[in-house]
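Engineer: Could you look at this predicted model? Sequence included:
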Amino acid sequence: MPLSSIADLESLPETVRAFVALRLEARVEDAIEALIRRLRDPADSAVERLVRWTRRENFHLTIFFLGAAVARERLIPIADALRTIAGESDTFEIAARGVGAFPSLRRPQVIWVGLHNDALIALAARIADAAVRCGFAREARAYSPHLTIARVRGRVHAPGLPRCFYRMLERDADLKLGVSRIDRVMLYRSELGADASTYRELAVFALGGAGASARRAGRAE
């Protein structure tokens, strides 16, 4: 989807919930989907009642949350910045490894899969700096790359969920789910729903790959 797709601002509401994110390769999403099927036990009413699982179409790695009500005109400068950053960045690989939770595996509220690569941290930092220059608020917490696979309803903790559920989470704390090559950055809009949000791509920016490496080498000479 080209950058020009967000130029038609009249097709959007005056304000949108927007964020910058990455998607993993299909085979890694397959592994994450299989993990969810294993953790999700339809025979256990407590798990089904208390845990809301992420649908595959909503799998994503948030890089920067722009806001819950971003004026549509403000999408243009951040999109321009993303296009520049993507063009200057190489593709890279992310390892999906380990199940974790906020605030902890013993008291899970958000359950996630960990994502690991120094290039990811560097890209996220550049995007955060660009977003701040465009007038968006910087996150107060340090960036922690993860892909959310579930949210626990309310403030439930043991014995709200069965002990076997906690044991499965702990058993998968170092689970390897595969490596995914990242070659694009997306600007998303999200629409909140009763059971789940719907995410829509507003623009996609391809990472520069070999071209980015060549430009950096030329500047170094």
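Structural biologist: That came through fine. Keep in mind it's a predicted model, so treat the numbers as computed, not measured.

Engineer: Correct me if wrong: Phe165 contacts Leu39.
Structural biologist: Yes. Phe165 is in contact with Leu39 according to CB atoms under 8 Å; the separation is 7.3 Å. Glycine gets a C-beta too; all of them are placed from N, C-alpha and C.

Engineer: Would you map the helices across this structure?
Structural biologist: 26-39, 45-50, 75-87, 118-133, 163-171, 210-220 (DSSP state H).

Engineer: Any chance of JSON lines for those helices, columns mean pLDDT?
Structural biologist: Shown next, in JSON lines, are the helices of the chain (pLDDT from 0 to 100):
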{"stretch": "helix 26-39", "mean pLDDT": "96"}
{"stretch": "helix 45-50", "mean pLDDT": "84"}
{"stretch": "helix 75-87", "mean pLDDT": "95"}
{"stretch": "helix 118-133", "mean pLDDT": "96"}
{"stretch": "helix 163-171", "mean pLDDT": "91"}
{"stretch": "helix 210-220", "mean pLDDT": "45"}
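
Engineer: Quick check, central residue of this protein?
Structural biologist: In the chain, the centroid-proximal residue (CA atoms, centre = their mean) is Leu61; its distance is 1.6 Å.

Engineer: which ones are touching that one?
Structural biologist: By CB atoms under 8 Å, 6 or more residues apart in numbering, Leu61 lies in contact with 21-24, 94, 115, 120, 145-147.

Engineer: Spatially, which residue comes closest to it, not counting chain neighbours?
Structural biologist: Among residues not flanking Leu61 along the chain, Leu22 sits closest, at 4.5 Å (CB to CB, 6 or more residues apart in numbering).

Engineer: does that neighbour really touch Phe59, like I thought?
Structural biologist: No. Here Leu22 does not reach Phe59: they are 10.2 Å apart, not a contact under CB under 8 Å.

Engineer: Please report the distance of Phe205 from Glu139.
Structural biologist: Using CB to CB, to the nearest Å, Phe205 is found at 21 Å from Glu139.

Engineer: Compare these two and say which one has the larger neighbour count.
Structural biologist: Using other CB atoms under 10 Å as the criterion, Phe205 and Glu139 rank with Phe205 on top: 22 against 15.

Engineer: Pull up the per-residue confidence for that one.
Structural biologist: pLDDT, Phe205: 95.

Engineer: Pick out whichever of Phe165 and Leu39 has more residues nearby.
Structural biologist: Neighbours were counted for Phe165 and for Leu39 using other CB under 10 Å; Phe165 has more, 22 against 18.

Engineer: Would you enumerate the residues in contact with the more buried one?
Structural biologist: 39, 41, 44, 46-47.

Engineer: of those, buried ones?
Structural biologist: By neighbour count, with 16 or more other CB atoms under 10 Å, the contacts of Phe165 hold 39, 41, 47 as buried.

Engineer: who's in contact with the first one?
Structural biologist: It stands for Leu39. Contacts of Leu39 by CB under 8 Å, 6+ apart are 149-150, 165, 168-169, 172.

Engineer: Please tell me how far Leu50 sits from Val152.
Structural biologist: 6 Å.

Engineer: Which residues are in contact with each of these two?
Structural biologist: Contacts common to Leu50 and Val152, judged by CB under 8 Å, 6+ apart, are Leu161.

Engineer: Appreciated, that's everything.
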